[in-house]
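Chemist: All I have is the shape, not the residue letters:
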């Protein structure tokens, strides 16, 4: 497929206030695209728009769970730039701290699904008439959690698996219109959302180190993800996995998944950490893993 030029194309990005969204906005702007920056942090969006230059950028505070607000934002985009060619549905949230399904706040679980799944659906649906009319492209930010085990992060993993399927279906349905869709699968990325697992919370960090082989546990910067995302849009790629070392896991998921599930369910150290996490959640404690390892060690855990 010929390279899809981004020069003078208008890109609508959700979750643009920071992390992957902000880094991607900068990379897309460098390719000559017009940027519509949406999110809930108006101040950060305005700062980014000023950085990029207001001639080719527009900041719009939008909650992706608000269908009417998204439709208004799309209309505003077309009024300002005359077109909307690419939608990058990137907005997502996760729990501040990991939790098992038995202990997570039910309202938080449902809020994550609301933002990460229904927010993507509402974003794409609002922009779809423009995407079809302009033979454009849709990119959704999924995650390697779309196919790895989502223990202690179940609502996030479930939402990312769901939007993978959403985007795959969309790509087939857009083909007859000359438009395309793709899925972005980042691994561990150094963002605020990942901070607990990258040293910000002891139990969570230890779980990441225990559950993932060292090459897969290594985090990358949002700028690396942004660079690959932009290259993927220019190729209208159906899949963008970053870092690439995750690709064999995604390709071989039918084999890897049952084996990893079996391993993790019998992994003694991980099971002790899970018990510690549930104990802390139920007691409201903020004790470190070392403090609570002794009481839970007496419980039977298969190896």
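Modeler: Sure thing, it's come through. What you see is a predicted model; the values in this text were computed from it and never measured.
Chemist: chain center to the host helix or strand of residue 76: distance?
Modeler: Secondary structure assignment for residue 76, by DSSP states H and E: helix 67-81. Distance of helix 67-81 from the chain centroid (Cα atoms, centre = their mean, to the nearest Å) equals 23 Å.
Chemist: could you give the mean pLDDT of that helix?
Modeler: Across helix 67-81, pLDDT averages out at 98.
Chemist: Tell me the helix or strand right after that helix.
Modeler: Following helix 67-81 in sequence order, the next helix or strand is strand 86-89 (DSSP H and E).
Chemist: Strands of the stretch 101-250 of the chain, start to end?
Modeler: 137-141, 180-186, 239-242 (DSSP state E, counting those that start in this stretch).
Chemist: how about low-confidence regions in the stretch 201-303 of the chain?
Modeler: Where the stretch 201-303 of the chain drops to pLDDT under 70, the residues are 285-303.
Chemist: All the helices of it, residue numbers only.
Modeler: Assigned by DSSP state H, counting those that start in this stretch, the helices in the stretch 201-303 of the chain fall at 202-211, 214-217, 222-235, 247-251, 253-265, 268-283, 289-297.
Chemist: Give me the buried positions along the fifth one.
Modeler: Neighbour counts using 16 or more other Cβ atoms under 10 Å place 260, 264 of helix 253-265 among the buried residues. Glycine gets a C-beta too; all of them are placed from N, C-alpha and C.
Chemist: ok now that helix, how far from the chain's centre?
Modeler: Distance of helix 253-265 from the chain centroid (Cα atoms, centre = their mean) equals 22 Å.
Chemist: can you list the residues that contact it?
Modeler: Outside helix 253-265, the residues that touch it by Cβ atoms under 8 Å, 6 or more residues apart in numbering are 147, 148, 149, 151, 211, 249, 270, 271, 302.
Chemist: which of the residues in the helix holding residue 76 are buried?
Modeler: So helix 67-81, judged by 16+ other Cβ under 10 Å, has buried residues 67, 69, 70, 73, 74, 77, 81.
Chemist: quick one, what contacts the third one?
Modeler: Looking back up the chat, that one is residue 70. Contact analysis of residue 70 by Cβ under 8 Å, 6+ apart lists 62, 64, 122, 123, 126, 127.
Chemist: what about stretch 191-203, start to end distance?
Modeler: Using Cα to Cα, to the nearest Å, one end of stretch 191-203 lies 18 Å from the other.
Chemist: Distance from the chain centre to the longest helix seen in the chain, please.
Modeler: Ranked by residue count and defined by DSSP state H, the top helix of the chain is helix 154-175. Remark: helix 154-175 is offset 12 Å from the chain centroid, using Cα atoms, centre = their mean.
Chemist: by contact count, what packs against it?
Modeler: helix 106-113, helix 119-133, strand 137-141, strand 180-186 (3 or more Cβ pairs under 8 Å, 6 or more residues apart in numbering; DSSP states H and E).
Chemist: Cool, thanks, signing off.
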